[in-house]
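Chemist: Sharing a model prediction with you, sequence too.
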There are 2 protein chains.
Amino acid sequence: MGGDFGPRSIVQASLACLSATPSLHLTLVGQPSLLEELIHGQSAADRARLTIVAASEVITMDEKPAQALRGKPDSSMRVALELLRDGKVQACVSAGNTGALMALSRFVLKTLPGIDRPAMVAAIPTQTGYCQLLDLGANVDCSAEHLLQFAVMGSVAAQTLGIARPRVALLNIGTEDIKGNQQVKLAATLLQAARGINYIGFIEGDGLYRGEADVVVCDGFVGNILLKSSEGLATMIAARIEALFKKNFASRAVGVLALPLMKRLQADLAPARHNGASFLGLQGIVVKSHGSAGVQGFQSAIQRALIEIQENLPERLHGRLEELLS
Amino acid sequence: MGGDFGPRSIVQASLACLSATPSLHLTLVGQPSLLEELIHGQSAADRARLTIVAASEVITMDEKPAQALRGKPDSSMRVALELLRDGKVQACVSAGNTGALMALSRFVLKTLPGIDRPAMVAAIPTQTGYCQLLDLGANVDCSAEHLLQFAVMGSVAAQTLGIARPRVALLNIGTEDIKGNQQVKLAATLLQAARGINYIGFIEGDGLYRGEADVVVCDGFVGNILLKSSEGLATMIAARIEALFKKNFASRAVGVLALPLMKRLQADLAPARHNGASFLGLQGIVVKSHGSAGVQGFQSAIQRALIEIQENLPERLHGRLEELLS
């Protein structure tokens, strides 16, 4: 029921995923009459793999997490997470209020042993490939211990994506030991001592885009601002390139080359909007899609959840945490 | 004597500025024999406007600010700031250790009444022009009161650049009241109550690049990471565009159109390296050039200092602070 445009694009994305993946079963949680109306006309075969579970309340996009937690026991978000907790579904995907989703996920699913706070992670494009950046906004204030936990989770997430020995770095305003705030300096000490983590030291914002690390760790305030400003800058550059090519008639055809590149980059730089961002550190798989995600965006988020189910991400994370933090 | 490459490019930039600006007098502070050697062969006319003042010590790039402050009474940086304090020069430009320059500037020059901590500011390109972003790394941990002071200083700096009623925004991870950390939320309350400031609310990283504000305020950790990551992203995009145009022989000529645009943007996004960043809030003009600045970069920093002298920036700031904070 969440997202800036309500359930319409979510239902459309769900139906498209059901058609594309014959083994997929989906459960839509929300107001049954509205959902029934939106899925009306779906082929009988696909309809058999689609379940509707009723939830009478909806958490709005500007609701405070504490309010969502206490005030709405029958919200679609909470009911969906309870289905996950009870083993009735294997993953939960939402385009709703991020803060509320995080608070409810922690409350309903609980975190993995050794994890105080779940983090939000997504893959950011770099000069040499991708890097996993976390936290992207779930935790605005973080202690050094939280940053250490993010590093462990990001490292495992990168491993499930096929990187054998992920290079893990702490985002900072310099690479010398004396740089940074207290949390970052202390986290560096913790990471140097952590077994089994390939910690490579501090990284600056430009080093991230040069591809110097596979996992970059920061608090959610910094990560969110890095991500949003990157998205904004890519959009600005795309607009300038477009304007440039429009000026010159002869070069318009070549602008056709550069613009798809920029569109792809813009999409890569808005992972929550386009590809979904994962919550790591919970006893269950939760993928956040952007509130303004279109059909395509929500489909990507469902696909991301499918990969995490196949990779059994929470279980792998649990095993690795036991090794590392014991 | 500072910078990653020592005084060679600084002296070259100084000589170029002397030739270009007949009214300019420059004082070089450092080891006289080395400086004399570097300026050897300069025309007599320009040489008459160039003074050398001896300083026997040099602050290294990785020295802790506290160490620079206590341990080296005759460093070139300190002597230069003392010349400024004593009215022998009108501005100080340095490519040295940023933390040490900030600590020494505060100690030698003192801050303006009403300012606890000076901030570092530079102009960032946006879709509609430029925005003044501060702090860029001088202050890693900031209280709400510091952010308020930065907002006042940024607003005045934007006014000296010709913007009558600068739109001032606080950088945050959302635009709703409930978003952000404690400092940002409290700073918003202070800014709403501040007289004479055109405070427009929270801004996200993408809003900054859309040009939604003339002044964007954040702590130095966040500002530095935003700036460095933007620089890194622009470099990555430029590399991808270059690669794209190299692939296709027919389109190479058109790559010639896009690449100068990207080079200009990359330069704009590394203001400290290319154009100099100003320290605001001191009783005197201090411009920081990047440690790896070339001749061109250091020339820009000297030119920025010249503008601030013409605009009498500290005096204007002082007057405005008295109005606003009284």
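Modeler: Ah, there it is. Given the structure is predicted, the values throughout are model-derived calculations rather than measurements.
Chemist: going forward, measure contacts between C-alpha atoms and count neighbours the same way
Modeler: Fine.
Chemist: which residue sits closest to residue A:29 in space, ignoring its chain neighbours?
Modeler: The shortest distance from residue A:29 to any non-neighbouring residue, by Cα to Cα, 6 or more residues apart in numbering or on different chains, is to residue A:53 (4.8 Å).
Chemist: The one you found looks like it's in a helix, true?
Modeler: No. Going by DSSP: H, G, I helix; E, B strand; the rest coil, the assignment for residue A:53 is strand, not a helix.
Chemist: Next, count neighbours for it.
Modeler: As a burial measure, residue A:53 scores 15 neighbours (other Cα atoms under 10 Å in any protein chain shown).
Chemist: Spit out the contact partners of it.
Modeler: Residue A:53 makes contact with A:27, A:28, A:29, A:30, A:32, according to Cα atoms under 8 Å, 6 or more residues apart in numbering or on different chains.
Chemist: Which one of these is nearest to chain B?
Modeler: residue A:30 (25.5 Å; Cα to the nearest Cα).
Chemist: What residues does the stretch 1-150 of chain A have near chain B?
Modeler: Residues of the stretch 1-150 of chain A lying close to chain B by Cα under 8 Å from any Cα of the partner chain are A:62, A:64, A:126, A:127, A:137, A:140, A:141.
Chemist: Give me the buried subset of these.
Modeler: A:64, A:126, A:127, A:137, A:140 (16 or more other Cα atoms under 10 Å in any protein chain shown).
Chemist: and the residues you listed as TSV, adding pLDDT and distance to residue A:227?
Modeler: As requested, these are exported to TSV (pLDDT from 0 to 100; distance: Cα to Cα, whole Å):
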residue	pLDDT	distance to residue A:227
A:64	86	23
A:126	91	13
A:127	91	16
A:137	87	10
A:140	87	14
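Chemist: can you tell me which two in those residues are farthest apart?
Modeler: Farthest-apart pair in those is A:64 and A:127; separation 38.2 Å (Cα to Cα).
Chemist: residues in contact with the helix or strand where residue A:33 lies?
Modeler: Using DSSP states H and E, residue A:33 sits in helix A:32-39. Residues from elsewhere that reach helix A:32-39 (Cα under 8 Å, 6+ apart): A:7, A:8, A:11, A:12, A:15, A:28, A:52, A:53, A:54, A:55.
Chemist: Which of the residues you listed are buried? Put it as a ChimeraX command.
Modeler: One line in ChimeraX is enough to select the buried ones among the contacts of helix A:32-39; burial here means 16+ other Cα under 10 Å:
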select /A:7,8,11,12,15,28,54,55
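Chemist: With respect to residue A:320, which of the contacts of helix A:32-39 is nearest?
Modeler: residue A:28 (32.5 Å).
Chemist: give me the beta-bridge partners of that closest one?
Modeler: Taking DSSP bridges as the rule, residue A:28 bridges to residue A:52.
Chemist: how about the strands of chain A, start to end?
Modeler: Secondary structure of chain A by DSSP state E: the strands cover A:26-30, A:50-54, A:91-94, A:119-125, A:130-134, A:168-171, A:199-203, A:215-217, A:277-280, A:285-288.
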